[in-house]
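*Asks:* My questions are about this predicted structure, shown below with the sequence.
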Amino acid sequence: MEVIDALRALGGTARWKQLRGHVGWRAVQRARRDGQVRRDGAAYAVVGTEHDKVRAQRLRGVRSHLTAAAHHGFALPPCDSTTVHITVPRKARRKGVPGDVRLHFRDYASDAVDGDVTTALETVVDCLRDASLRVALCVGDSALESGRVLRSELESRARSLRGPGSAVVRHRVALLDGRSANAFESSARAILIEAGLTGFEPQVAIRHGAQWIGRVDLANRALRIVIECDGFETHGGRDAFVTDLVRFTMLVSAGWRPLRFTWEQVMFRPEWVLDRIRDTIAVAEPACGD
């Protein structure tokens with residue numbers, strides 16, 4: 001995994017203990033030397049680029065969509081980080097658009113833009129309307145979790161929309177969940193939603209009797225299926241390894257079916273992940289009906 005992808009999935013900044021499960025120390029240092037990543041106290045952060053701003057100024061537009069999401073520090077799945085998303089007025093004509101620019105056409109209200117970038121709220125709305133479901137959930141979940149965007153104002157903005165894509169925004173707003181911890185979990189939810197699999201909730205606390213087992217990434221209480229997104233925080237050392245095994249065993253002994261997926265599987269092999277979930281549901285459903 002690229003260092004930039006890992007950082008953006010965690011909302012643009014992360015400590016080394018969160019990164020080391022997927023990127024090596026040398027890769028992080030190389031990214032720092034290349035100017036892609038900076039050290040910010042105990043954390044590493046994606047470096048904003050003047051290139052995006054220059055493109056927006058040249059095209060007399062504003063940074064929007066995924067480019068604005070990265071600017072606001074919202075979580076993003078792996079995507080083409082070289083593409084700059086710029087929005088210009090609906091009837092504008094622009095010649096000589098650079099190959100690394102994706103041009104969007106939209107008339108923004110004055111309060112939807114802050115300088116040369118869309119506001120946090122408008123950025124979420126744009127991603128809900130125009131991006132894939134995976135990107136839409138990652139950005140929207142992250143925005144809610146951060147507190148930068150409130151569900152009430154997002155719902156109000158969605159109700160006010162008219163024209164193409166407005167129904168998509170309203171539908172997707174209802175799918176957002178600020179409990180999702182990162183782009184990893186949001187992308188896993190996108191796999192489930194696109195397949196029409198319902199009943200899975202993020203960050204579910206599980207007990208067995210009086211015994212606390214833990215908080216899992218996704219769980220279907222009715223089917224007693226747990227989905228764990230293993231990756232960013234590596235369980236290093238023997239004590240952590242033992243704790244992880246105990247947690248897994250307790251889930252099984254309490255009647256849950258835990259599934260564990262890696263970042264690479266969720267992001268790059270979603271069909272395989274979906275097949276494993278469907279297989280598990282097929283086994284779990286008869287047992288629930290007994």
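*Replies:* Perfect, thanks for sending it.

*Asks:* wait, isn't Arg224 in contact with Leu259?
*Replies:* No: in this structure, Arg224 is not within contact of Leu259 by Cβ atoms under 8 Å, at 11.7 Å. Backbone N, C-alpha and C define where each C-beta goes, glycine included.

*Asks:* Okay, now the unreliable bits of this structure?
*Replies:* Residue ranges of the chain with pLDDT under 70: 1, 48-49, 231-238, 286-290.

*Asks:* any idea how far the helix or strand containing Arg215 is from the chain center?
*Replies:* Taking DSSP states H and E as the criterion, Arg215 maps to strand 211-220. Remark: strand 211-220 is offset 20 Å from the chain centroid, using Cα atoms, centre = their mean, to the nearest Å.

*Asks:* Contacts for that strand next, please.
*Replies:* 181, 184-185, 188-189, 192, 199-207, 225-229, 247, 250-251, 254, 256, 258 (Cβ atoms under 8 Å, 6 or more residues apart in numbering).

*Asks:* Show me what counts as buried in that strand.
*Replies:* Within strand 211-220, the residues that count as buried by 16 or more other Cβ atoms under 10 Å are 213-214, 216-220.

*Asks:* just the strands in the protein please.
*Replies:* 13-15, 37-40, 43-46, 62-63, 84-88, 101-105, 113-114, 117-118, 200-208, 211-220, 225-230, 257-262 (DSSP state E).

*Asks:* Reformat those as a markdown table; add distance to Asp5.
*Replies:* Conversion of these to a markdown table gives the following (distance: least, Cβ to Cβ, whole Å):
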| stretch | distance to Asp5 |
| --- | --- |
| strand 13-15 | 12 |
| strand 37-40 | 12 |
| strand 43-46 | 10 |
| strand 62-63 | 20 |
| strand 84-88 | 17 |
| strand 101-105 | 19 |
| strand 113-114 | 26 |
| strand 117-118 | 22 |
| strand 200-208 | 21 |
| strand 211-220 | 19 |
| strand 225-230 | 15 |
| strand 257-262 | 14 |
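
*Asks:* That's all I had, so thanks and see you.
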